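Student: take a look and give me a structure for this.
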Amino acid sequence: MTEDEVRARAFAMPLTSPAYPPGPYRFIDREFLVITYRTDMDALRAVVPAPLEVDEPLVKFEFIRMPDSTGFGDYTESGQVIPVRLGAQRGGYVHAMYLDDESPIAGGREIWGFPKKLAQPRIRVEKDTLVGTLDVGSLRIANATMGYKHRPFDADQARAAVEAPAFLLKIIPHVDCSPRICELVRYGCEDVTVKGAWEGPARLELFHHALAPVADLPVREVVSAVHILTDLTLGLGTVVHDDLEAAR
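Tutor: Predicted structure coming up:
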């Protein structure tokens, strides 16, 4: 294979059999369970990177079921998103994500910089309750419950929540383990169709784990919970701040 042939094929790793196809990526019947809770402001400031700013001590704990996604297949993920501000623009900083499929782990980290790690999240209906769980190996680190479809949630508000911009810290190491890329990336969801949206009572429990420290942002009070069913396209990202360039 010549150098020109390598450059022409070099989209993702491995070179001859990439872990995922090129985007865009369309999701059908993507289901969200999002519990917003109040936590400690000092704990948030310790994990949110500048130039993002935190105005309120809030965290969104998300469980997302994706049964039909272009290239990535059928998988589930869970994690924490922190409401932040970049200048005048408000959005969410994706702090941690845990999922059960190698392809979106590789694609999410390499393309956008999603902080994805392997785990076993689940979302299911048990009688009158929507249940979300997150296990790492044999250990449970999150339990979430919400009353199933208790009250309709405004579709416009649901769409605005799904379409809101989000931020990622993309880190790619050099061969000597120094950072080769360290960029703040903004992305959003596009072509969103809200198929259903509900709100209701909810509870959330987090448990400590050395390598999945979700409980380092402790639950002080559950503020709200929404359950949203959508079709959407995951948009590609834009670099909004380059830490290495700023240092130079």
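Student: select the longest helix from the protein.
Tutor: Assignment by DSSP state H gives helix 155-163 as the longest helix of the chain.
Student: pull the CA atoms of the helix or strand following it into PDB?
Tutor: Next along the chain after helix 155-163, taking DSSP states H and E as the criterion, comes strand 166-173. Written as PDB, here are the backbone C-alpha positions of strand 166-173 (Å, rounded to 0.1, in the frame of the first residue of the first chain):
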ATOM      1  CA  ALA A 166     -23.100  20.400  24.200                       C
ATOM      2  CA  PHE A 167     -19.300  20.600  24.900                       C
ATOM      3  CA  LEU A 168     -16.600  17.900  25.100                       C
ATOM      4  CA  LEU A 169     -12.900  18.000  26.000                       C
ATOM      5  CA  LYS A 170     -11.200  16.000  23.200                       C
ATOM      6  CA  ILE A 171      -7.900  14.600  24.400                       C
ATOM      7  CA  ILE A 172      -5.700  12.500  22.000                       C
ATOM      8  CA  PRO A 173      -2.200  11.600  23.400                       C
END
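Student: tell me which other helices or strands the following helix or strand past strand 166-173 touches.
Tutor: Using DSSP H and E, the helix or strand that directly follows strand 166-173 along the chain is strand 179-187. Applying 3 or more C-beta pairs under 8 Å, 6 or more residues apart in numbering; DSSP states H and E, one finds that strand 179-187 contacts strand 166-173, strand 238-242, helix 243-247. C-beta here means a position set from N, CA and C on the backbone, and glycine is covered the same way.
Student: what sits against the closest residue to P49 other than its chain neighbours?
Tutor: Spatial nearest neighbour of P49, chain neighbours left out: L169 (5.3 Å); criterion: C-beta to C-beta, 6 or more residues apart in numbering. Going by C-beta atoms under 8 Å, 6 or more residues apart in numbering, L169 touches 49, 113, 115, 182-185.
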